[in-house]
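Enquirer: what shape does this take:
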Amino acid sequence: MPDISLGLMLYTVRDECARDFPATLREVAAIGFEGVELFDLHGRNAAEIARVLEETGLVACGRHASLDSIESGLGELAAEADELGWRRLVVSWVDPARLDAALVGRLEAAAGEAARHG
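Expert: As a prediction, the model looks like this:
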């Protein structure tokens, strides 16, 4: 992945992404961002988003997802990573009040499984 000077977490423009994801990516590129962190493909497939990223010159520098989504859909996320080129998967959020040994164990297990997917 090339060095990125300026990237945008697309969750910050989630309403625009939900309305028209490809158009939002084009606008993000037009205002000078070089990379994006994904959180949802908004009903689009990875190949379609890959084409928009290539067209705009944007780089998918990461992806965030809920721990439940990572645990239940890591294979799909790994395939998406292969298609879009991102290599950083971030757990979106965990409730600090629930940060106990069981949650830490789930995070460690998810990290190990993600590492096996590359």
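Enquirer: and the contacts of the one helix or strand residue 73 maps to?
Expert: Taking DSSP states H and E as the definition, residue 73 sits inside helix 67-84. In this structure, residues lying in contact with helix 67-84 by CB atoms under 8 Å, 6 or more residues apart in numbering are 38, 41, 46-47, 49-50, 53, 60, 63, 65, 86-87, 89, 91-92, 94, 106-107, 109-110, 113-114, 117-118. Every C-beta, even on glycine, is put in place using the N, C-alpha and C of the backbone.
Enquirer: mind redoing it with 7 Å?
Expert: Residues from elsewhere that reach helix 67-84 (CB atoms under 7 Å, 6 or more residues apart in numbering): 46-47, 49-50, 53, 60, 63, 65, 87, 89, 91, 94, 106-107, 110, 113-114, 117.
Enquirer: ditto for stretch 32-42
Expert: With CB under 7 Å, 6+ apart, stretch 32-42 has contacts from 4-11, 17-18, 21, 25, 28, 49, 58-64, 86.
Enquirer: could you redo the last one with a cut-off of 6 Å?
Expert: Outside stretch 32-42, the residues that touch it by CB atoms under 6 Å, 6 or more residues apart in numbering are 4-11, 17-18, 21, 49, 58-64.
Enquirer: gap between the two ends of that stretch?
Expert: Its start and end residues considered, stretch 32-42 measures 22 Å (CA to CA, to the nearest Å).
Enquirer: next: stretch 7-20.
Expert: End-to-end distance for stretch 7-20: 19 Å, by CA to CA.
Enquirer: and the closest residue to residue 7 other than its chain neighbours, what are its phi and psi?
Expert: Setting aside the residues directly before and after it, residue 7 is nearest to residue 35 in space (CB to CB, 6 or more residues apart in numbering), at 3.5 Å. Dihedral angles of residue 35 (phi, psi; degrees, to the nearest 10) stand at phi -140, psi 160.
Enquirer: also residue 65?
Expert: phi -150, psi 160.
Enquirer: quick one: buried ones out of the contacts of stretch 32-42?
Expert: 7-8, 10, 17, 21, 49, 58-64 (16 or more other CB atoms under 10 Å).
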